[in-house]
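structure for the following, please:
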Amino acid sequence: MKIRILAVGHKMPAWVEQGCAEYLKRMPREMSVEIVEIRPDKRAAGKGGDQVREAEALRLLEAAGRDYLVAMDEHGNEPTTLQLASRMEGWMADGRDVALVIGGADGLHDKVLQAAHWKWSLSKLTMPHGMVRVMLAEQLYRGWSVINNHPYHRGDL
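This is a model prediction of the structure:
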């Protein structure tokens, strides 16, 4: 199974690149994770936030293809680590690749939210998108560690 983090935006600071790389390199081949940057739409005269989100949505949905689509959304479910690990086991059993979608500065368009199989919230707080990338990479590694009884996660099992 392959997990792709489809993230609107580019030119992340070095700390984001380093943080993501640290957790992504720990993932096994059978559950590899990669980050795919999606070009953000530019605001132009007369072009509002909804138009920007819609243009980005088309690129995100095209990149996701037929993958199991997870929208990273502040209004989504906030699973515990053990619930996330269980969901990841379900993804593996399903055999489909997974696309985790992080929207641009204006958020995700309703087209993406409606197409999503699951909406996941890391927090109700608004966070910088680079921070979301790092936290998402870490949580995927933590979920994998729970599934495989790896000592990284020290919480209740």
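
from here on, contacts and neighbour counts on C-alpha atoms
OK.

need the nearest residue in space to residue 112, chain neighbours excluded.
Spatial nearest neighbour of residue 112, chain neighbours left out: residue 57 (6.0 Å); criterion: C-alpha to C-alpha, 6 or more residues apart in numbering.

any idea which helix or strand carries the one you found?
helix 49-64 (DSSP states H and E).

now that helix: mean pLDDT?
Averaging pLDDT along helix 49-64 yields 93.

quick one: buried residues of the helix or strand of the chain with the lowest mean pLDDT?
Least confident helix or strand, the chain: helix 49-64 with a mean of 93, by mean pLDDT, DSSP states H and E. The neighbour-count check on helix 49-64 (16 or more other C-alpha atoms under 10 Å) flags 49, 51-57, 59-61, 63-64 as buried.

export the helix or strand harbouring residue 4 to CSV, keeping only CA atoms.
Residue 4 is part of strand 2-8 when elements are defined by DSSP H and E. Provided in CSV are the C-alpha atoms of strand 2-8 (Å, rounded to 0.1, in the frame of the first residue of the first chain):
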residue,chain,number,x,y,z
LYS,A,2,1.2,3.5,-0.8
ILE,A,3,0.1,6.6,1.1
ARG,A,4,0.5,9.9,-0.7
ILE,A,5,0.2,13.2,1.1
LEU,A,6,-1.2,15.6,-1.5
ALA,A,7,-0.4,19.1,-0.2
VAL,A,8,-1.2,22.3,-1.9
